[in-house]
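Asks: below are the sequence and a predicted model; questions follow.
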Amino acid sequence: MDAILVVNAGSSSLKFQVFGIEGANLTRQVRGQIGGIGTRPRLQVKGADGTVLIDQSYAAEAVRDLPTAIAAAREWLLTIEGFELRAIGHRVVHGGPDFAQPVLIDTTMLDRLASYQDLAPLHQPNNLAPIRLAMEINPDVPQVACFDTAFHRGHPEHTDCYALPRAFYEQGVRRYGFHGLSYEYVAERLSEIAPEPARGKVIVAHLGSGASMCALRDGRSIESTMGFTALDGLPMGTRPGQIDPGVVLYLISEKGMSADAVSDLLYHEAGLKGLSGISNDMRELLASDDPRASFAIAHFVHRCGLHAGMLAAALSGIDAFVFTAGVGENSAPIRARIAEGLAWLGADLDAVGNDGGAALISSAASRVKLLVVPTDEELMIARHTLALIRSSAP
Ligand code: ADP
């Protein structure tokens, strides 16, 4: 069977999926990841029906970094039979100011994507490492880069800029927005399951470890809560979301923190983790009876409401509000609390549907449709990859 490999490489985990190509259809065959790179490495792979194909732990030094993780994943991938690799699709966090679509990668393109490394120093090098390696090992297999920023590239300039001297915008200091592959998938799915609101004004809340919201008009992004980096907007597992830049200046100039220390604080020690002092994991916070856990959740819900209001203003009202990603798809109590904060916009929750795992969770009387739409960034990448190799085939 012809197949597409989808790769999502981060600093502590390497995720991969294999999709079979059957005509225009893509079917997920394998879903795997190596987590705990450098600490407690573990390769876990499941088949299409959820059967565990491998679950193997490694010594920390055996899978100490991303290249060794790629080698371990490759070693396992080479053992599976019956697949003919036709292309590799990669999640790449940054497509810079120019790329509004996925691209086929050659060495010139790889250099261009590497030039965006200073825009996303924690992610872009990891995203590009497997591309570089696959180019060396399998030069004949086409590779496609799919960007987290691309879906937001149609924003008008006056919404995409910061109020800084214009030269900074030209240098790339812009509001890029992220989670674009998730929003693109959800927008497509919404047009299938709720075509009427999908053509209107929609807020999608991607609430996972990273969290953001996107305003969609007729399926296209017009605003996002994330900006130049994935630090802005909603509070997240370990990131604070919107923060007065004066706090950063204060930490550096008055508290003597280095830029690296502030970066570590903002990316790894803040958000739900920092505020609760307990965990970055919403499940653990919901299960805890520690008042610090409920305090962190209250902050999260409050900020979700504020940002929803901001995006509702950008859209001049909303027809639908969609929950997606780990928290959005799985936590009925968090959805209920956020929905409560949307009552002023005309949202009314159907508590039974919400608790029962329905896709439509608003009442019949609700002016705003509330929906739960599971996201699938990997399928979006596989679709883009297939489309691009087919359209560029000689
Ligand atoms: P990412 O892909 O960014 O790592 P996910 O979209 O998988 O993140 O979301 C992870 C978050 O979802 C975690 O905070 C986790 O606790 C939360 N989550 C998953 N299932 C539930 C649940 N049943 N209730 C509450 N939170 C959940």
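Replies: Thanks, I have it.

Asks: what's the following helix or strand after the helix or strand hosting residue 134?
Replies: Following DSSP states H and E, one finds residue 134 within helix 124-137. Using DSSP H and E, the helix or strand that follows helix 124-137 in sequence is strand 143-147.

Asks: report the distance from the helix or strand following that next one to the chain centre.
Replies: Using DSSP H and E, the helix or strand that follows strand 143-147 in sequence is helix 157-160. In terms of Cα atoms, centre = their mean, to the nearest Å, the centre of helix 157-160 is found 22 Å from the chain centre.

Asks: where's residue 180 relative to residue 143, distance?
Replies: With distances taken as Cβ to Cβ, to the nearest Å, residue 180 is found 19 Å from residue 143. All C-beta atoms are positioned from the backbone trio N, CA, C, and that covers glycine.

Asks: what's the helix holding residue 134 in contact with?
Replies: For helix 124-137, contacts defined as Cβ atoms under 8 Å, 6 or more residues apart in numbering pick out 7, 9-11, 14, 66-67, 70, 74, 88, 90-94, 105, 107, 110, 113-114, 116-117, 141, 143, 145.

Asks: one more: stretch 291-304?
Replies: Residues outside stretch 291-304 that contact it (Cβ under 8 Å, 6+ apart): 205, 207, 213, 234-235, 241-242, 272, 275-279, 282, 284-286, 288, 334, 337-338, 341.

Asks: please identify the buried residues of that stretch?
Replies: Neighbour-count burial for stretch 291-304 flags 293, 296, 297, 299, 300, 301, 303, 304 (criterion: 16 or more other Cβ atoms under 10 Å).

Asks: residue 227: which of the residues you listed is nearest?
Replies: residue 303 (14.9 Å; Cβ to Cβ).

Asks: settle this for me: residue 334 is touching residue 325, isn't it.
Replies: No. Shown here, residue 334 and residue 325 do not form a contact pair, counting by Cβ atoms under 8 Å, at 11.3 Å.

Asks: mutual contacts of these two, please.
Replies: Residues touching both residue 334 and residue 325 by Cβ under 8 Å, 6+ apart: residue 207.

Asks: of the buried residues of stretch 291-304, closest to residue 19?
Replies: residue 304 (32.7 Å).

Asks: and the gap between residue 96 and the ligand?
Replies: 22 Å (Cβ to the nearest ligand atom, to the nearest Å).

Asks: checking that residue next. Helix, strand or coil?
Replies: coil (DSSP: H, G, I helix; E, B strand; the rest coil).

Asks: surely it touches residue 150?
Replies: No. Look at residue 96 against residue 150 with Cβ under 8 Å: they stay out of range, at 9.8 Å.

Asks: so between these two, which is more surrounded?
Replies: Taking neighbours as other Cβ atoms under 10 Å, residue 96 and residue 150 compare with residue 150 leading, 26 against 19.

Asks: just the pLDDT for the more buried one.
Replies: pLDDT for residue 150: 97.

Asks: for residue 204, what are its contacts?
Replies: With contact taken as Cβ under 8 Å, 6+ apart, residue 204 is in contact with 183, 186, 187, 213, 214, 216, 322, 324, 373.

Asks: and after the strand or helix carrying it, which helix or strand comes next?
Replies: Following DSSP H and E, one finds residue 204 within strand 201-207. Helices and strands here follow DSSP H and E; after strand 201-207, the next one along the chain is strand 211-217.

Asks: contacts for that next one?
Replies: Contacts with strand 211-217, where a contact means Cβ under 8 Å, 6+ apart, come from 151-152, 177-179, 183, 187, 200-206, 221-226, 230, 233-237, 241, 304, 307-308, 311-312, 314-315, 325, 327.

Asks: one more: stretch 257-266?
Replies: So stretch 257-266 is in contact with 231, 239, 240, 243, 248, 251, 252, 274, going by Cβ under 8 Å, 6+ apart.

Asks: ok, which stretches of the stretch 201-350 of the chain are helices?
Replies: Per DSSP state H, counting those that start in this stretch, the stretch 201-350 of the chain carries helices over the ranges 245-253, 259-264, 271-276, 282-287, 291-315, 325-330, 332-340.

Asks: could you export the third one as PDB, CA atoms only?
Replies: Output in PDB follows, covering the C-alpha atoms of helix 271-276 (Å, rounded to 0.1, in the frame of the first residue of the first chain):
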ATOM      1  CA  GLY A 271       0.700  28.900  33.200                       C
ATOM      2  CA  LEU A 272      -1.400  26.300  35.000                       C
ATOM      3  CA  LYS A 273       1.800  24.800  36.400                       C
ATOM      4  CA  GLY A 274       3.200  28.000  37.800                       C
ATOM      5  CA  LEU A 275      -0.100  29.300  39.100                       C
ATOM      6  CA  SER A 276      -1.200  26.100  40.800                       C
END
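
Asks: is it fair to say residue 369 lies in a helix?
Replies: No. Assessed with three-state DSSP, residue 369 is strand; it does not lie in a helix.

Asks: gap between the nearest residue to it once chain neighbours are set aside and residue 216?
Replies: In this structure, residue 369 finds its nearest non-sequential neighbour in residue 320, 4.1 Å apart by Cβ to Cβ, 6 or more residues apart in numbering. Residue 320 is 9 Å from residue 216, where distance means Cβ to Cβ.
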